[in-house]
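> Show me how the following folds:
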Amino acid sequence: MILILDVQSSVVRGSLVLMTLSAKPIVVFTHNSNIPGKAQFDVNYLIKTTLAAVGETISSAEKYLNILKHEKTLKPLPHKISAIHYALLSPWIVSKAKVMSIDFDKKTKISSQYISGIIEKERSKMLPKSDEPIELIEQKIFDVRLNGYSVSEWENRETDRLEVSFAVSMAGVRMIESFVRECRGVVSQSHVHFHSSLLLQQIGLNKIGLGDGNYALLHIHGEITDVSVIDHESCIFFGSYPFGVNTLLRQISAQTGNDLKASDSMLTLYTGGRLDSSHGRKTIEMIDELCQAWAKEFQNILSAVKINLLPPSSIIFSAWAHDDCFGSVLGKTFTGPKIILLSIDKFLPVVNFEFHSERRRLTALYALAIHSMKGFSSVLK
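The predicted structure is shown next:
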């Protein structure tokens with residue numbers, strides 16, 4: 001039994017997932033702990049409330065397992081958490097992708113030590129400038145090409161030209177230490193693992209057949225939108241911008257004088273085309289402009305790194321709330337790529353959910369990705 005902690009900008013979601021060698025991952029329990037948002041970004045407030053949400057979520061998972069001890073079920077489950085996996089989104093993690101190309105004067109034999117060495121040198125250049133110490137938490141090689149051809153068995157092969165696509169994820173040392181401290185008494189430090197949410201999503205998408213070709217992967221959470229761009233299973237770009245679901249709702253509230261709950265309802269009516277004349281044409285135009293402002297930020301990121309999402313590329317997205325709204329604005333803004341809403345139905349054939357557990361898309365993606373990782377089967381054995 002593992003606990004997956006999905007740490008976003010406005011919620012911490014913890015899911016107990018039963019992992020086995022022979023069967024699908026089974027999501028048995030999910031707990032959501034919301035992080036109250038603020039119009040002004042306050043780092044200390046965000047850290048304090050997020051750690052409190054992590055602690056609450058871990059406690060809820062332990063309480064659930066304790067209840068299971070006293071229940072008579074036909075399918076007995078482990079009553080102890082064996083590992084905790086953090087899936088981190090912005091602002092908790094920085095992920096960067098790179099494709100390196102090297103031309104040799106003569107045929108050169110490629111080894112794992114050689115590739116590790118050049119990635120290590122490049123990685124030092126990719127570290128963000130920060131007064132706080134930074135820790136590498138994840139590194140993934142997506143593709144190795146020899147003389148222009150993708151090769152899976154490249155060890156000790158000779159080539160004139162080498163291309164390596166890889167991604168690294170980094171986080172602040174103090175924040176990682178704080179996340180580990182929240183797990184004390186549940187699992188040892190060696191059983192606490194950290195991942196980039198976007199990388200886990202990309203791996204999970206491959207498992208359900210959505211990871212082919214070129215696509216942008218968008219996750220719109222409370223205060224931030226995270227972006228990655230994938231070219232034939234290789235991540236070529238990571239980015240984010242501070243505009244999420246709650247950001248949009250706060251802006252609607254500020255312009256209408258309504259509270260967040262009323263603005264949430266208004267956005268639902270707007271998306272469904274059910275705003276009546278009492279709201280006025282100006283209100284509809286105002287929401288149009290705010291939604292377009294969100295999409296424009298996404299366009300600006302793509303333009304800055306010179307990425308064109310041309311057919312047959314696609315945009316795969318999920319949102320913390322108001323999927324329909326963000327899908328509509330993407331469809332209006334991008335006429336070339338196919339817009340694909342990540343649907344829970346895609347995961348039901350490959351991930352089981354206990355009847356009382358919440359069905360979540362990201363939980364399913366994380367479970368699939370972690371289950372497929374090298375070394376996980378040996379841990380289960």
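
> Output the below-cut-off pLDDT ranges for this structure.
Scanning the chain with the threshold set as pLDDT under 70 gives 38-41, 72-75, 128, 276-279, 374-381.

> got the end-to-end distance for stretch 65-79?
Stretch 65-79 has its terminal residues 5 Å apart, counting by CA to CA, to the nearest Å.

> Equivalent analysis for stretch 303-320, please.
25 Å.

> and if you look at stretch 143-158?
16 Å.

> Give me the residues contacting it.
The contact list for stretch 143-158 (CB atoms under 8 Å, 6 or more residues apart in numbering) reads 107-112, 115, 159-165, 232-234. Quick note: C-beta positions are derived from backbone N, CA and C, even for glycine.

> filter those residues to the buried ones?
Neighbour counting over these (16 or more other CB atoms under 10 Å) leaves I110, I115, T159, L162, E163, V164, S165, E233, S234 as the buried ones.

> got the contact list for the fifth one?
Going back to what we said before, that points to E163. Applying CB under 8 Å, 6+ apart, one finds that E163 lies in contact with V99, M100, S101, I102, D143, V144, R145, G148.

> let's go with 10 Å and repeat that
99-103, 143-150, 234 (CB atoms under 10 Å, 6 or more residues apart in numbering).

> And the second one, by the same measure?
Shown here is I115, whose contacts under the criterion CB under 10 Å, 6+ apart are M100, I141, V144, W154, E155, L162, V164, F166.

> repeat that for 8 Å
I141, V144, V164.

> hang on, the last one is in a helix, isn't it?
The reference is to V164. No - counting by DSSP: H, G, I helix; E, B strand; the rest coil, V164 falls outside a helix, being strand.

> hang on, the earlier thing: of the contacts of E163, closest to S124?
Nearest to S124 among the contacts of E163, counting by CB to CB, is M100 at 13.4 Å.

> and that closest one, bridged to which residues?
V164 (DSSP bridges).

> how many neighbours does it have?
Neighbours of M100 under the rule other CB atoms under 10 Å: 14.

> Help me confirm that it comes into contact with I141.
No - counting by CB atoms under 8 Å, M100 stays clear of I141, with 10.7 Å between them.

> follow-up on the earlier one: which of the contacts of stretch 143-158 fall within strands?
Among the contacts of stretch 143-158, the members found in strands (DSSP state E) are K107, T108, K109, I110, T159, D160, R161, L162, E163, V164, S165, S234.
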